[in-house]
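> sharing a sequence plus its predicted fold:
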Amino acid sequence: MKASRVKARDISKKLGFKHCEIVDAIGFRGGLWVAWNNDDIKVSIMETNEQFIHTMIERGSDKIFVTTVYACPNILIRRSLWPLLRRINPGNEWPWFIRGDFNATLYSNERQSSALRTTSIDCDFYKWVEEMELTDMGCVGPYFTWKREGCESRIDRVLANAKAQSTFIDAVVKHLPWFKSNRCPLLLQLWPGMVPRSSTSRPFRFNAPWVLHDDFNRLVKDSWEHKVNWVENIEKFIKVLVDWSNTSSLEQLQRKLWFELEEVILQEDLLWAQKAKCDWYTLGDKNSKFFHTHVNDRRRRNKIEAILQENGE
């Protein structure tokens, strides 16, 4: 977006954001904004460049790295972006999302044109994605993200490393409706269907595995008073239950159950890979991130996020 730094900050505030990091446009080329509110998160700007803004988002002991990209349309200048992104790679210790306008496509079906000669895929971009072992998050909504005079392409996307995929299994990228622009807005939802809340306003949710705990029956008997009405009993029981759920024994039980679930899913994936005559035995043992990534990838593909009507909407 082409706008002065002062105007950009003013627009950001009008949109309701308290903080904004800006990379100025060079003429009509480039320009990046990253805006946020830090009510319950801490955002640190790790590095800026004319083609990207690299941020670290912290919430408690958790970290997420997000890199916002505007790759140069000029392939020679864009080529310098890929080694820079290799250098800032946080590895698979932390989730990493790379999002934005890459001005390049990965596959031939991502570009459609009425012209006799069209731009081919960017081999440097494709090679970088493969080397970094990144996965395209896919999309829900209109497939192409840019259009002009009979040309359409999917040059905007969200990429993720294996840690991001395993941490945010249900994450989804939505292509929003076109509005007064030749670009389609992208929305990355880490927890679809959930509105972020502060810990103080988070509603109570009963965790079914609690009933398996040996101490659960005792907790119910000790906290429930027969002479008190139902509403007061429920309110008291919820408070006691929340405090009780934070004990280390319950956390261990939850970790144990998640580990068992992942083992079952992993075994199922190995079986499918073998039936499909996949060379799974050359790609690592049962604990390799290859299979974890493919499990999460299949989950995402099998989810129905939207339905296409006959009228194309």
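The structure has been received and is ready for your questions. Numbers count the residues shown, from 1 in each chain.

> please export the C-alpha coordinates of stretch 138-152 as CSV.
Listed next in CSV are the C-alpha coordinates belonging to stretch 138-152 (Å, rounded to 0.1, in the frame of the first residue of the first chain):
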residue,chain,number,x,y,z
GLY,A,138,-4.3,-23.8,1.3
CYS,A,139,-7.3,-21.6,1.2
VAL,A,140,-11.1,-21.4,1.6
GLY,A,141,-12.9,-19.1,-0.7
PRO,A,142,-12.0,-17.7,-4.2
TYR,A,143,-8.9,-19.5,-5.4
PHE,A,144,-7.1,-16.6,-7.1
THR,A,145,-5.9,-13.7,-5.1
TRP,A,146,-5.0,-11.2,-7.8
LYS,A,147,-6.7,-10.2,-11.1
ARG,A,148,-6.3,-7.7,-13.8
GLU,A,149,-7.4,-7.4,-17.5
GLY,A,150,-8.1,-11.1,-18.1
CYS,A,151,-5.3,-12.4,-15.9
GLU,A,152,-5.7,-14.1,-12.5
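
> mind listing what's buried in that stretch?
139, 140, 141, 142, 144, 145, 146, 147, 151, 152 (16 or more other C-beta atoms under 10 Å). (Each C-beta comes from the backbone N, C-alpha and C, glycine too.)

> tell me which element residue 44 falls in.
Following DSSP states H and E, one finds residue 44 within strand 42-49.

> list the helices and strands that strand packs on?
Strand 42-49 makes packing contacts with strand 19-23, strand 52-59 when contacts are defined by 3 or more C-beta pairs under 8 Å, 6 or more residues apart in numbering; DSSP states H and E.

> now do it and strand 52-59, the angle between them.
170 degrees (axes from the mean of the first three to the mean of the last three C-alpha atoms, to 10 degrees).

> strand 42-49 versus strand 19-23: what angle between them?
Using the same axes, to 10 degrees: strand 42-49 against strand 19-23 is 10 degrees.

> strand 42-49 pairs with which strands?
Strand 42-49 sits in its sheet next to strand 52-59 (antiparallel), going by DSSP bridges.

> report the rounded mean pLDDT for the partner strand.
For strand 52-59, mean pLDDT rounds to 93.

> show me what residue 153 is bridged to.
Counting by DSSP bridges, residue 153 forms beta bridges with residue 111, residue 146.

> that one touches residue 145, doesn't it?
Yes: with contact taken as C-beta atoms under 8 Å, residue 153 and residue 145 are classed as touching, separated by 7.3 Å.

> from residue 42, how far off is residue 230?
Noted for residue 230: a distance of 42 Å to residue 42, by C-beta to C-beta, to the nearest Å.

> and the two? Which one has more around it.
residue 42 (12 against 7; other C-beta atoms under 10 Å).

> report how many residues lie close to the nearest residue to the more buried one once chain neighbours are set aside.
Using C-beta to C-beta, 6 or more residues apart in numbering and skipping the chain neighbours, the partner closest in space to residue 42 is residue 58 (4.4 Å). Residue 58: 13 surrounding residues under other C-beta under 10 Å.

> got the contact list for whatever helix or strand residue 188 lives in?
Of the helices and strands defined by DSSP H and E, residue 188 is found in strand 186-189. Residues from elsewhere that reach strand 186-189 (C-beta atoms under 8 Å, 6 or more residues apart in numbering): 97, 99, 137, 139, 145, 156-158, 171-176.

> for it, C-alpha coordinates in CSV please.
Extracted in CSV, the C-alpha atoms of strand 186-189 (Å, rounded to 0.1, in the frame of the first residue of the first chain):
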residue,chain,number,x,y,z
LEU,A,186,-6.4,-13.2,3.3
LEU,A,187,-7.4,-14.1,6.9
LEU,A,188,-5.4,-16.6,8.9
GLN,A,189,-7.4,-18.1,11.8
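
> tell me the strands beside that strand, with direction?
Strand 186-189 is paired, per DSSP bridges, with strand 172-175 (antiparallel).

> low pLDDT regions in the stretch 201-313 of the chain?
201-204, 246-255, 269-270, 272-313 (pLDDT under 70).

> on that earlier part again, quick one: the helices and strands packed on strand 42-49 as JSON lines, columns for distance to residue 69 too.
Below are the helices and strands packed on strand 42-49 laid out as JSON lines (distance: least, C-beta to C-beta, whole Å):
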{"stretch": "strand 19-23", "distance to residue 69": "11"}
{"stretch": "strand 52-59", "distance to residue 69": "5"}
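
> these: which one's closest to residue 93?
strand 52-59 (12.4 Å; C-beta to C-beta).

> could you pull out the buried residues of that closest one?
So strand 52-59, judged by 16+ other C-beta under 10 Å, has buried residues 52, 53, 54, 55, 56, 57.
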